[in-house]
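Asks: model this:
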Amino acid sequence: MLIPLTQEMDLTSGTPSNVDLEHTVLGTLWTADLNTVTKSTINAAVNCMLLGQL
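Replies: Predicted coordinates:
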């Protein structure tokens, strides 16, 4: 069984860039109530925002 080389694999197709992720997380944290927010709620909000952009 052959293992594809890194240059043969397209790992970034259909995924947001690091800049997109950073802007989305920062935007979500900017509006979040930091006294009650959890990592799970931030992840859910980021997923909703990014999936809406695809």
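
Asks: Which of the helices or strands spans Glu22?
Replies: helix 18-31 (DSSP states H and E).

Asks: Give me the packing partners of that helix, helices and strands only.
Replies: On a contact count with 3 or more C-beta pairs under 8 Å, 6 or more residues apart in numbering; DSSP states H and E, helix 18-31 meets helix 39-53. Glycine gets a C-beta too; all of them are placed from N, C-alpha and C.

Asks: what about the helix it packs on, average pLDDT?
Replies: Helix 39-53 comes out with an average pLDDT of 86.

Asks: That one relative to helix 18-31, how many degrees between them?
Replies: 120 degrees (axes from the mean of the first three to the mean of the last three C-alpha atoms, to 10 degrees).

Asks: can you count the residues close to the nearest residue to Val37 once chain neighbours are set aside?
Replies: Sequence neighbours aside, Leu29 is the residue nearest to Val37 in space, at 7.8 Å (criterion: C-beta to C-beta, 6 or more residues apart in numbering). For Leu29, the neighbour count with other C-beta atoms under 10 Å is 13.

Asks: do you know how far Gly27 is from Ile42?
Replies: 11 Å (C-beta to C-beta, to the nearest Å).

Asks: Centre-most residue in the chain?
Replies: In the chain, the residue lying closest to the centroid (C-alpha atoms, centre = their mean) is Leu21, at 4.5 Å.

Asks: can I assume that one is in contact with Asn43?
Replies: No. In this structure, Leu21 is not within contact of Asn43 by C-beta atoms under 8 Å, at 11.3 Å.

Asks: what about the residue nearest to Ile42 when sequence neighbours are not counted, how many neighbours?
Replies: The spatial neighbour of Ile42 that comes closest, neighbours along the chain excluded (C-beta to C-beta, 6+ apart), is Thr28 at 5.7 Å. Residues contacting Thr28 under the criterion other C-beta under 10 Å number 18.
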